[in-house]
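In: Give the three-dimensional model of this entry:
(one chain, ligands or ions: 1)
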Amino acid sequence: MGYKDAQWRKSMELKLDYNNMMVDYIGEEQGFTAKDFADNKKVIASAFNTVSENKGKGMMGWTELPFNQKDIVADILATAKDIKKKFDNFVVLGIGGSALGPIAVFQALCHLRHNELPKSKRKAPKLYVEDNVDPERMTALLDVIDINKTMFNVVTKSGATSETMSQYLIIMDILKKKLGDKAKDHMIATTSESKGNLIKIAKEEGLKTFYIPDGVGGRFSELCPVGLLPAAVVGIDIKQLLAGAAHMDKICRSKDIKKNPALISAFLEYLAMQRGKNISVMMPYADSLKYIADWYCQLWGESLGKAVDNEGNYVYVGQTPVKALGVTDQHSQVQLYREGPFDKVITIIAVENFRSTVNISKGCENIPDVSFLCDHTMNELINAEREATEYALTTAKRLNYTITLPEVNAFTIGELLYMFEMETAYAGAMLNINTFNQPGVEGGKNATYALLGRRGYEETKKEMDNAPKKNPDYIC
Ligand code: PA5
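Out: Predicted coordinates for the structure are as follows:
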């Protein structure tokens, strides 16, 4: 049985349990009520309608990705097959939306020590995603890869991002010096077909190219070639990933908030924001989902953190997303979540069935305070600790809800990614903001161009030069 079977798909549906957001469980002061849902009926309906009407249009092109990539998927699979045969390493050069998705899906769906496995067990190239311009990191990468056996994938929708283009320049120079005319066979470009410099460069250099559709922004791009190519190279079933997203799309067509997990989670977060809960914690209880939390942080933060609403009024909205890992952060952040300010909503991600079972060995029979662990599995322990955290948060009247994955596989990850994307779109509609732009990020990019002398940014440079100089009295 697999994703083509309806019964299997049903068994792989995610569950969202929001009991611990409700008054019955966390009390009147913090909890939400049936009246809150009734009072906001219009907000919920209007967000649902806005998102439904805009699906597939403008910057909501990402809703089509589970359905419109048949030929692209075939091309990706053929390219990946070739890469697997010829190369030992696959290196993604990209940042933000061009990196966080590939990292998250790799961690979720490959062996947790993929790169350390011997080649015979790995059966796919090692994957590196280089999403910074730290010179030490670039040097370290070059120390561990053999350029002759490495395929690079430069990913930038705008084709202008300084970090990614500087990485491209460095690597292309090395490739040309070492491999001459063959350099082009070691670089694939993923970029916009219609805009930017990378497409021009790719054409001049004769690079194999994949396209990021116009209506797909960086943080919504994991299910297009940005994420699908690296995933296919490391052996992830990308058709199953897309099938999971398509299944969630179907679920999210329900206007009934109780049947639409993306709509309900958007509303819960929206209501929380209205009540001053300005922090959204994403806490998966599985190492495989650790970087899904990073990916979510970008999606939520960059999409909802906006100064103005759709009418141009200053609203300064958004929630600060925080990533946490269960159980690791029980010994670090949970103290704050349970006893600090009432300013958070904590989303826990649970996994019902892990892909491995580890028994806790017998021992220390004379010490009952240790030996109670024996005869349990690590699987039981991690899930008991998750339940214990839910309980501890709830008794301390802290808003929390849990999303459960029956297991981690390409289908459930496709569902989860798409659910978060839809949740973000609904939440943006409830806040009446532009979910899909990022003027704050562009501001930083432009200031970097100005500082490094890019043509056309002279005015920004002047403004920066005229900014108040640092006062040495404030530096110690
Ligand atoms: O979500 C976004 O749009 C951004 O985070 C971008 O992904 C990031 O800035 C990288 O942009 P680009 O793909 O143009 O290099």
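In: isn't there a strand covering V351?
Out: Yes: with DSSP: H, G, I helix; E, B strand; the rest coil as the criterion, V351 is located in a strand.
In: My guess is it contacts I403. True?
Out: No: the pair V351 / I403 is not scored as a contact, 10.1 Å apart, by Cβ atoms under 8 Å. For the C-beta atoms, the positions are set from N, CA and C on the backbone; glycine is no exception.
In: Contacts for the helix or strand bottoming out on mean pLDDT in the chain next, please.
Out: Lowest by mean pLDDT, DSSP states H and E among the helices and strands of the chain is helix 439-451, with a mean of 87. Contacting residues not belonging to helix 439-451 are listed as 96, 160-162, 302, 305, 307, 456-458, 460-461, 464 [Cβ atoms under 8 Å, 6 or more residues apart in numbering].
In: Which among the residues you listed count as buried?
Out: Buried members of these, counted by 16 or more other Cβ atoms under 10 Å: G96, A160, T161, S162, E302, G305, Y457, T460, K461.
In: Mind checking which of those are in helices?
Out: Judged by DSSP state H, the buried ones among the contacts of helix 439-451 include S162, E302, T460, K461 as members of helices.
In: which ones are touching the first one?
Out: When the contact criterion is Cβ under 8 Å, 6+ apart, the partners of S162 are V133, K445, T448, Y449, L452.
In: 10 Å instead, please
Out: If you count contacts by Cβ atoms under 10 Å, 6 or more residues apart in numbering, S162 has them with I95, V133, T156, G444, K445, T448, Y449, L451, L452, R454.
In: can you put those residues in TSV and add neighbour count and distance to K85?
Out: Shown next, in TSV, are the contacts of S162 (neighbours: other Cβ atoms under 10 Å; distance: Cβ to Cβ, whole Å):
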residue	neighbour count	distance to K85
I95	21	29
V133	14	31
T156	29	27
G444	11	40
K445	16	38
T448	15	39
Y449	17	40
L451	14	43
L452	11	40
R454	15	40
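In: Just the mean pLDDT for stretch 380-398, thanks.
Out: Mean per-residue pLDDT for stretch 380-398: 97.
In: Spell out the residue ranges of the helices in the stretch 201-350 of the chain.
Out: Residue ranges of the helices in the stretch 201-350 of the chain, as given by DSSP state H, counting those that start in this stretch, are 225-233, 238-251, 261-274, 290-304, 334-339.
In: quick revisit: residues shared between the contacts of V351 and I403?
Out: Jointly contacting V351 and I403 under the rule Cβ under 10 Å, 6+ apart are P284.
In: Around the ligand, which positions in the stretch 351-476 of the chain sit nearby?
Out: Taking Cβ under 6 Å from any ligand atom as the contact definition, the stretch 351-476 of the chain meets the ligand at Q438, V441.
In: what comes into contact with stretch 195-204?
Out: Applying Cβ under 10 Å, 6+ apart, the set of residues contacting stretch 195-204 is 154-161, 164-165, 168-169, 172, 184, 187-193, 207-212, 214.
In: and if we set it to 7 Å?
Out: V154, T156, S158, G159, A160, A189, T191, S192, E193, T209 (Cβ atoms under 7 Å, 6 or more residues apart in numbering).
In: Can you select the buried ones from these in PyMOL?
Out: In PyMOL, this line selects whichever of the contacts of stretch 195-204 come out buried by 16+ other Cβ under 10 Å:
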select buried, resi 154+156+158+159+160+189+191+192+209
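In: ok, and of the contacts of stretch 195-204, which contact the ligand?
Out: T156, S158.
In: Keep only those of the contacts of stretch 195-204 that are in strands.
Out: Counting by DSSP state E, the contacts of stretch 195-204 place V154, T156, A189, T191, T209 in strands.
In: how about JSON lines for the residues you listed, with pLDDT added?
Out: Converted to JSON lines, the ones in strands among the contacts of stretch 195-204 look like this (pLDDT from 0 to 100):
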{"residue": "V154", "pLDDT": "98"}
{"residue": "T156", "pLDDT": "97"}
{"residue": "A189", "pLDDT": "98"}
{"residue": "T191", "pLDDT": "98"}
{"residue": "T209", "pLDDT": "98"}
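In: Who are the contact partners of P66?
Out: L223, L242, A245, A246, D249.
In: what does the chain have sitting close to the ligand?
Out: Residues of the chain found near the ligand, taking Cβ under 6 Å from any ligand atom as the criterion, are 95-98, 156-158, 161, 164, 217-219, 302, 438, 441.
In: what's in contact with stretch 217-230?
Out: So stretch 217-230 is contacted by 59, 62, 65-66, 72-73, 76, 79-80, 90, 92, 96-98, 101-102, 105-106, 127, 153, 155, 157, 190, 210-213, 216, 238, 242, 245, 298-299, 302-303, 417, 421, 436 (Cβ under 7 Å, 6+ apart).
In: And stretch 166-176, by the same measure?
Out: For stretch 166-176, contacts defined as Cβ under 7 Å, 6+ apart pick out L93, E130, V133, M138, I147, F152, V154, A183, H186, M187.
In: Generate a ChimeraX selection restricted to the buried entries among these.
Out: The buried residues among the contacts of stretch 166-176 can be selected in ChimeraX (16+ other Cβ under 10 Å) with this line:
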select :93,130,138,147,152,154,183,186,187
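In: Between all of the contacts of stretch 166-176, which two are at the greatest distance?
Out: Using Cβ to Cβ, these span at most 21.3 Å, a distance reached by V133 and A183.
In: Just give me the closest of the ones in helices among the buried ones among the contacts of helix 439-451 to the ligand.
Out: E302 (5.4 Å; Cβ to the nearest ligand atom).
In: count of residues packed around the nearest residue to that closest one once chain neighbours are set aside?
Out: Ranked by Cβ to Cβ, 6 or more residues apart in numbering and with sequence neighbours excluded, the top spatial neighbour of E302 is Q438, at 5.3 Å. Applying other Cβ atoms under 10 Å, we find 21 residues neighbouring Q438.
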